[in-house]
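# Here is my input; please provide its structure:
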Amino acid sequence: MNRINCLIGQLSTANSVLPRVINGGIAGVIGVTCVFPLDLVKTRLQNQQIGPNGERMYTSMFDCFRKTYAAEGYFGMYRGSAVNILLITPEKGIKLAANDYFRYHLATPEGKLTLLRQCLAGGLAGAFQIIVTTPMELLKIQLQDAGRVSGSKDLRKVTAWSITKQLVKDNGILGLYKGVRATGARDITFSVIYFPLFASLNDSGPRKSGNSGEAVFWWSLVSGLLSGMTASFTVTPLDVIKTRLQAIKKADGEKEFNGIADCIGKTLKYEGPKALFKGGLCRMIVIAPLFGIAQMVYFLGIGERILGIEQKKSV
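Prediction:
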């Protein structure tokens, strides 16, 4: 009997997690396609360093967008997007499944979670996702920043495959995990902030009519947007450090960094504290539609439809 109950529990968990993995993957692919040009702008703004006389390639987000489009065209704005689209589904799947798993096992027998345990569940989920996130971000950043470093010259020679082969040749498989500690610091901190904040906001809003106890769609949407924007802006300094460490090739005259502490020290010394918040507005603008799209996909229950699982009806 215990084995039967255990099997039923496992099937129930799979029916809950698997649709979320599919929904997260679909939302990720759609979201990346919609907001990737802004993400490219964010990467280039974060990587550019101020020259000794205050010179810089881009003066603002709009200036970077304009110059990149003029030099590289429409498709240049999507350099590195294929890597993101390919790996976004397993990344989202790991993150969502891990968060569900840890929330379930950290809950009290009554099914409640303290704030500390919510943070722990989110942090552990963030730690697990870096298995996929680190190589994905590394390759994406190399491709996104290629146009800034080399201009429009020889961009066709720079591909995800060529970068991967060179990294593996130089440092083995660990070459794909350059900046893993900085990536972990960013993703764990983001998840520690996002998941508990979203749960708190979502639980405090109006409910659907009936006995489901779920929040109405528009409130979940608002909760996701606010939580995502708050978490993304908060971790911007960590994202700047991660981006600079993963940008292997530098433009002429730009400084090299040897680890997190060295990157923070040199950035503060030569560019000031404001440099740690470069691209912060871009991150917030990128995160908002990503979470909005994700919420729409969950609301429509696309994953449930694909698996043939009955979705709870909203009223």
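
# quick one: V149 and K250 touch, right?
Yes. At 6.8 Å, V149 counts as touching K250 under the criterion of Cβ atoms under 8 Å. The way it works is simple: take the backbone N, C-alpha and C, and place the C-beta from them, glycine included.

# Just want to know which of these two has more residues nearby.
V149 (19 against 16; other Cβ atoms under 10 Å).

# pLDDT wise, what is the more buried one at?
If you check V149, the pLDDT there is 73.

# can you pull the alpha-carbon coordinates of the host helix or strand of it into PDB?
Taking DSSP states H and E as the criterion, V149 maps to helix 146-150. This file holds the C-alpha atoms of helix 146-150, laid out as PDB (Å, rounded to 0.1, in the frame of the first residue of the first chain):
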ATOM      1  CA  ALA A 146      31.800  40.400 -30.900                       C
ATOM      2  CA  GLY A 147      30.500  43.400 -32.900                       C
ATOM      3  CA  ARG A 148      31.600  45.900 -30.200                       C
ATOM      4  CA  VAL A 149      35.200  44.400 -29.900                       C
ATOM      5  CA  SER A 150      35.900  43.800 -33.600                       C
END
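
# separation between F257 and G179?
Noted for F257: a distance of 10 Å to G179, by Cβ to Cβ, to the nearest Å.

# where does G111 fall, phi/psi-wise?
Phi and psi for G111, reported as degrees, to the nearest 10, are phi 80, psi 20.

# neighbours of it, just the number please.
Residues near G111, counting by other Cβ under 10 Å: 8.

# so where do the strands sit in the stretch 1-150 of the chain?
Per DSSP state E, counting those that start in this stretch, the stretch 1-150 of the chain carries no strands over any range.

# so where's it uncertain?
For the stretch 1-150 of the chain, applying pLDDT under 70 flags the ranges 1-17, 150.

# where do the helices sit along it?
With helices called from DSSP state H, counting those that start in this stretch, the stretch 1-150 of the chain shows them at 2-47, 61-76, 81-106, 115-144, 146-150.

# would TSV of these with distance to K208 be doable?
Below are these laid out as TSV (distance: least, Cβ to Cβ, whole Å):
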stretch	distance to K208
helix 2-47	18
helix 61-76	38
helix 81-106	21
helix 115-144	23
helix 146-150	47
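
# closest one to L300 among the ones you listed?
Ranking these by proximity to L300 (Cβ to Cβ) places helix 2-47 first, at 8.6 Å.

# show me the contacts for the nearest residue to L143 once chain neighbours are set aside.
With sequence-adjacent residues excluded and distances taken as Cβ to Cβ, 6 or more residues apart in numbering, L143 is closest to G80, at 3.4 Å. If you count contacts by Cβ atoms under 8 Å, 6 or more residues apart in numbering, G80 has them with 36, 40, 139-144, 160.
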